[in-house]
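Q: Here is the input, now give the coordinates:
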Amino acid sequence: MQPPTVYVIDDDPDVLKATERLLASAELTVAAFQSPRAFLELYDDRTPGCLVLDLAMPELTGVEVQRALAERGKLLPIVFLTGQGDIRTCAEAMKNGAVDFLTKPVDDTDLLTAVAQALARAEALQQERAVCARIESALASLTAREREVLTHVVAGRLNKQIAFDLGTGEKNIKFHRGNLMKKLGVRSVAELVRLVEQGGTAPPSSQHQGT
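A: From the prediction side, this is the model:
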């Protein structure tokens, strides 16, 4: 797992430099941007990290940057910095997942604490994505018939009921059920249901077909 990066966006070069220096003094890897558009063009979500983001910028506001990341499906924890924030803007930012909302001039300890919380959230998100990716890969390894059987098993159907629904023998259902559970690394229906839920999606069922 590569070390996290703290991204900083602020159109004020003095604030940007001071923030970068503070974070670097805490032995954090920092990538600083004066332009939010430049950040959005270069940001790669394969690198874990968080974002320290100025709210009021002429090119794009901090909230607009937050929205742009969300629209692209980029789950990057954000610490907002503002010299003129209002309650409504703060509420919107926090509702959309901001970790903290700090008023300039920001206390060094408060900023480092907020960044630590954001990086902890980023690590949790990365681990969650890794788990989901493994589950998706395992589900993708199933045959069409195994996906059909999985859908029925998760729905609570018994082997004989599944066999009737799919127009095949109960022995075949037991065979496919054993195979899919082995591929997914589970030993019980409860584990199977949890795995599918953790993956965030149920496997698609295909057209009924004989075996």
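
Q: from here on, contacts and neighbour counts on C-alpha atoms
A: Will do.

Q: which stretches of the chain have low pLDDT?
A: 1, 84-85, 199-211 (pLDDT under 70).

Q: Spell out the residue ranges of the strands in it.
A: Counting by DSSP state E, one finds strands in the chain at the ranges 5-9, 29-33, 49-54, 78-82, 100-103.

Q: could I have the last one exported to PDB, CA atoms only?
A: C-alpha atoms of strand 100-103 as PDB (Å, rounded to 0.1, in the frame of the first residue of the first chain):
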ATOM      1  CA  ASP A 100     -14.000  19.200   9.000                       C
ATOM      2  CA  PHE A 101     -14.600  22.900   8.300                       C
ATOM      3  CA  LEU A 102     -11.900  25.200   9.800                       C
ATOM      4  CA  THR A 103     -11.800  29.000   9.800                       C
END
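
Q: Neighbouring strands - and their directions - for it?
A: strand 78-82 (parallel) (DSSP bridges).

Q: can you give me the offset of the strand it pairs with from its chain's centre?
A: Centroid displacement of strand 78-82 relative to its chain, using C-alpha atoms, centre = their mean, to the nearest Å, is 20 Å.

Q: what's the angle between it and strand 49-54?
A: Relative orientation of strand 78-82 and strand 49-54, computed by axes from the mean of the first three to the mean of the last three C-alpha atoms, to 10 degrees: 10 degrees.

Q: Now do the buried residues in strand 78-82.
A: By neighbour count with 16 or more other C-alpha atoms under 10 Å, strand 78-82 contains the buried residues Ile78, Val79, Phe80, Leu81, Thr82.

Q: just to revisit the earlier point, could I get the strands of the chain as JSON lines with distance to Leu184?
A: Shown next, in JSON lines, are the strands of the chain (distance: least, C-alpha to C-alpha, whole Å):
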{"stretch": "strand 5-9", "distance to Leu184": "33"}
{"stretch": "strand 29-33", "distance to Leu184": "37"}
{"stretch": "strand 49-54", "distance to Leu184": "30"}
{"stretch": "strand 78-82", "distance to Leu184": "35"}
{"stretch": "strand 100-103", "distance to Leu184": "38"}
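
Q: With that, I have no additional questions.
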